[in-house]
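Peer 1: here is my input, please return the structure:
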Amino acid sequence: MHRKSAYILFLAVLGLLVVGIVMLFSTSAFARDSHGDVYFFIKRQAMWFGVGLVVCIFAALIDYHLWQRTWWLWFALALVLLALCYVPHIGMRLNGSRRWIGWGPITVQPSELAKVTVIFFLATWFSRYEKTDRKLLLGFILPLAIISLPAALVLGEVDLGTTALIGTTAFVVMFIAGASPLWLGAVSLSGLGALLIVATQISERMGRLSAFLHPQHFKEDAGLQQMQALIAWGSGGMEGLGLGNGRQKMLYLPYAHTDFIFPIVGEELGLRFSLLVVFLFVVIIVCGTMIALQAKDRFGLLLGCGVVSLLALQAAVNIGVTTSLLPNKGLPLPFISYGGSNLVACMFGVGLLLNIYRQGILEPPHKKNATMHARMMPRI
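Peer 2: From the prediction side, this is the model:
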């Protein structure tokens, strides 16, 4: 099964990309900022897909240990780009958040790079310091302090969802690396409480939280997206209204081509196809985990688990938000939602998994077993 995991992973990602292009073609023509061009978002997404494909191939062919040697460079670049979000005329403020920087018609979201560089750092750190399960400083405090730098910059952009995603992914990697579950649990609860306090101090985020708790009272403002999403799910039923026949994308459901594209899948293609999309994400998680577990070294294991966790958590949050199981977070659905930076980051993650698979398969079994045995032996 492991020897076919990369092929199955590739087919699952390809299936999601096809769904994304088809649904973007169906929804984007009705977007408010299409500039009168029904193909505006299709053309831009196709351009970003080309960039993502090049990045994916590069990541699949270049030894993944390159990111272990140069993690500090990408980490510093992510911090610089995140800081530029606060610079006037470079950082762009949209919907109350400073998440983007732009050069002319091109805009990028630096937090997507920050997500990946956090995984680079943690995989490098815990592959260098393997026996840190009982060392509070090396095994918990220092790595947590370092990843708090990009997380704080993202939080300052008023992007609570991405901040929580970075923190949760980091904790998953740290748990796999051997960090104490007690410490992780305590900090997780503290971080959740801090995010709730921050949310209550920001009127827009407090409105989203109130809309989640009492949707019937906010269906005309803060809870509009989730209420319209539920209407889309109910209208589609089991079979759907047919591709292109959805009504919620016609300016009833805001951002139907980005964060809330999944309800349009349910409205037009029905519950069965929506469950197929969920199944494809499960396939990616299972195959990605198998690839990570068969990595030839500890860095590959932690890197692969970090990438899988990032994709899985982002998909889970988006699906939870669009089905009213979670408060609105503004996170796109990987491979399907419109968004160039996120698409390139996801394709890069897939390339990393393929590279880990290639190196794990190409290494002779006896050498791999000897390497894994040496890693498991206690140090004297």
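
Peer 1: using PDB, list the CA coordinates for stretch 106-121.
Peer 2: C-alpha atoms of stretch 106-121 as PDB (Å, rounded to 0.1, in the frame of the first residue of the first chain):
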ATOM      1  CA  ILE A 106      -0.100  41.000  -8.000                       C
ATOM      2  CA  THR A 107      -1.000  40.400  -4.300                       C
ATOM      3  CA  VAL A 108       0.300  37.700  -2.000                       C
ATOM      4  CA  GLN A 109      -0.500  36.600   1.500                       C
ATOM      5  CA  PRO A 110       2.700  36.200   3.600                       C
ATOM      6  CA  SER A 111       1.000  34.100   6.200                       C
ATOM      7  CA  GLU A 112       1.000  31.200   3.700                       C
ATOM      8  CA  LEU A 113       4.800  31.300   3.700                       C
ATOM      9  CA  ALA A 114       4.800  31.600   7.500                       C
ATOM     10  CA  LYS A 115       2.800  28.400   7.900                       C
ATOM     11  CA  VAL A 116       5.400  26.400   5.900                       C
ATOM     12  CA  THR A 117       8.500  28.000   7.500                       C
ATOM     13  CA  VAL A 118       7.100  27.100  11.000                       C
ATOM     14  CA  ILE A 119       7.100  23.500   9.900                       C
ATOM     15  CA  PHE A 120      10.600  23.800   8.500                       C
ATOM     16  CA  PHE A 121      11.900  25.200  11.800                       C
END
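
Peer 1: mind listing what's buried in that stretch?
Peer 2: Within stretch 106-121, the residues scored as buried using 16 or more other Cβ atoms under 10 Å are 108-121. C-beta: built from backbone N, CA, C; applies to glycine.

Peer 1: secondary structure added to those, as JSON lines?
Peer 2: Shown next, in JSON lines, are these (DSSP: H, G, I helix; E, B strand; the rest coil):
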{"residue": "V108", "secondary structure": "strand"}
{"residue": "Q109", "secondary structure": "coil"}
{"residue": "P110", "secondary structure": "helix"}
{"residue": "S111", "secondary structure": "helix"}
{"residue": "E112", "secondary structure": "helix"}
{"residue": "L113", "secondary structure": "helix"}
{"residue": "A114", "secondary structure": "helix"}
{"residue": "K115", "secondary structure": "helix"}
{"residue": "V116", "secondary structure": "helix"}
{"residue": "T117", "secondary structure": "helix"}
{"residue": "V118", "secondary structure": "helix"}
{"residue": "I119", "secondary structure": "helix"}
{"residue": "F120", "secondary structure": "helix"}
{"residue": "F121", "secondary structure": "helix"}
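
Peer 1: mind listing the helices for the stretch 51-200 of the chain?
Peer 2: 65-69, 71-84, 110-128, 136, 142-156, 160-177, 181-201 (DSSP state H, counting those that start in this stretch).
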